[in-house]
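**Student:** Could you work out the structure for the sequence below:
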Amino acid sequence: MKRLQKTTVVLLMALLAWGSAQAQDKPHTHALRKQDIASDYALFYSKPNLYRLGLAMGLGAVSAHTIDEDVSTHYQKHQRSQTTDDWSKTAKLFGEWTYLLPLSVAATYLDTSGDLGMGEWGNRTFRALVVGAPAVLTAQVLTGGSRPSENRAHGADWRPFKDNNGVSGHAFVGAIPFLTLAEMHQDQPWIYYTAMAASLATPLSRLNDDKHYLSQIVLGWYFAKQATSTLSGSRGPAAQSFFSPLIDRNSVGVMYTHTLR
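**Tutor:** Numbering: from 1, shown residues only. The predicted structure is shown next:
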């Protein structure tokens with residue numbers, strides 16, 4: 001592993017460990033309980049949240065049929081390099097559910113006496129994976145999106161039930177551990193915004209590796225954001241995050257809003 005890869009791993013793991021340690025004087029939730037997961041499902045699949053997910057899907061469809069191809073082509077021609085490839089190899093690892101799932105379960109069952117916040121992080125990370133995965137898998141099939149390296153004739157267009165890459169699973173999984181950390185520290189801006197930035201590492205690696213289009217990456221990240229922010233028993237003020245169209249005389253775009261209440 002090259003120096004850049006080692007540095008990336010060390011920094012991201014240090015962020016998770018240090019951020020979790022800051023929660024040691026706050027209440028922890030260790031045991032994985034069926035009633036918690038049932039409550040998580042009720043919140044995540046509630047009408048208000050389904051509306052937000054539907055709006056995000058609508059915007060994703062617009063992106064898939066307009067700018068996705070151009071963004072992918074521009075990045076591959078002008079931004080990708082050996083340096084970004086080296087960094088991407090490491091960032092991708094955080095999106096492997098075969099690593100994150102057992103790690104989150106193991107962290108959940110840390111003894112309280114020796115736990116520095118990792119117990120709560122593991123609990124919430126596991127629950128976010130469980131609650132969001134069905135929505136991601138369903139959206140992947142419904143959109144029928146393909147990878148940039150597949151079905152070049154159709155490009156980024158959505159073709160329902162024709163393929164299953166319309167939402168990036170790596171972006172979803174790789175964002176969850178850092179978005180979970182951010183949710184645990186909404187009252188500590190430095191940790192919160194650093195963790196939010198780190199949550200983009202795996203999604204961006206998918207763009208670099210030409211494995212997913214922009215809309216697929218953004219949707220994977222957004223599903224992760226909703227999964228981590230709608231868990232029952234969230235500590236701190238409840239967060240609301242959503243996308244909305246932004247249209248005026250001179251421009252058309254998308255506005256991302258994150259509010260605390």
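
**Student:** any idea where the helices of the stretch 51-200 of the chain begin and end?
**Tutor:** Per DSSP state H, counting those that start in this stretch, the stretch 51-200 of the chain carries helices over the ranges 68-78, 82-93, 97-108, 118-143, 169-184, 189-198.

**Student:** shouldn't Leu214 be in contact with Thr73?
**Tutor:** No. Using C-beta atoms under 8 Å, Leu214 is not in contact with Thr73; the gap is 11.2 Å. For glycine as for every other residue, the C-beta is placed from the backbone atoms N, C-alpha and C.

**Student:** As TSV, the helices of the stretch 51-200 of the chain with mean pLDDT, mean neighbour count and distance to Leu219 would be great.
**Tutor:** Listed next are these as TSV, based on pLDDT from 0 to 100; neighbours: other C-beta atoms under 10 Å; distance: least, C-beta to C-beta, whole Å:
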stretch	mean pLDDT	mean neighbour count	distance to Leu219
helix 68-78	92	14	11
helix 82-93	90	17	18
helix 97-108	86	16	17
helix 118-143	91	22	7
helix 169-184	94	27	8
helix 189-198	91	16	17
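
**Student:** With respect to Ile37, which of those lies nearest?
**Tutor:** Ile37 lies closest to helix 118-143 among the helices of the stretch 51-200 of the chain, at 6.0 Å (C-beta to C-beta).

**Student:** Run through the neighbouring helices and strands of the closest one.
**Tutor:** Counting contacts by 3 or more C-beta pairs under 8 Å, 6 or more residues apart in numbering; DSSP states H and E, helix 118-143 is packed against helix 3-21, helix 34-44, helix 47-64, helix 97-108, helix 169-184, helix 214-229.

**Student:** Point out where the stretch 151-261 of the chain drops to low pLDDT.
**Tutor:** The stretch 151-261 of the chain contains residues with pLDDT under 70 at 151-154, 232-261.

**Student:** and if we set it to 90?
**Tutor:** Within the stretch 151-261 of the chain, the ranges that satisfy pLDDT under 90 run 151-165, 184-191, 230-261.

**Student:** If you drop the residues flanking it in sequence, what lies closest to Thr143?
**Tutor:** Once flanking residues are discounted, Thr143 sits nearest to Gly166: 2.7 Å by C-beta to C-beta, 6 or more residues apart in numbering.

**Student:** and the one you found, how far is that from Phe172?
**Tutor:** 12 Å (C-beta to C-beta, to the nearest Å).

**Student:** swap in Pro160?
**Tutor:** According to C-beta to C-beta, Pro160 and Phe172 sit 20 Å apart.

**Student:** for Leu181, same thing?
**Tutor:** For Leu181, the distance to Phe172 equals 16 Å [C-beta to C-beta].

**Student:** Which residues belonging to stretch 202-215 are considered buried?
**Tutor:** Buried residues in stretch 202-215, counted by 16 or more other C-beta atoms under 10 Å: 202-209, 211-215.

**Student:** Please tell me I have it right and Met196 contacts Leu181.
**Tutor:** No. The criterion here is C-beta under 8 Å, and Met196 misses it with Leu181 at 9.1 Å.

**Student:** Convert the C-alpha atoms of stretch 180-188 to CSV, please.
**Tutor:** Output in CSV follows, covering the C-alpha atoms of stretch 180-188 (Å, rounded to 0.1, in the frame of the first residue of the first chain):
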residue,chain,number,x,y,z
THR,A,180,-23.3,8.3,12.0
LEU,A,181,-20.4,10.1,13.7
ALA,A,182,-21.7,13.4,12.5
GLU,A,183,-25.2,12.6,13.9
MET,A,184,-23.6,11.7,17.3
HIS,A,185,-21.9,15.2,17.4
GLN,A,186,-24.4,17.7,16.1
ASP,A,187,-23.5,20.0,19.0
GLN,A,188,-19.7,19.9,18.1
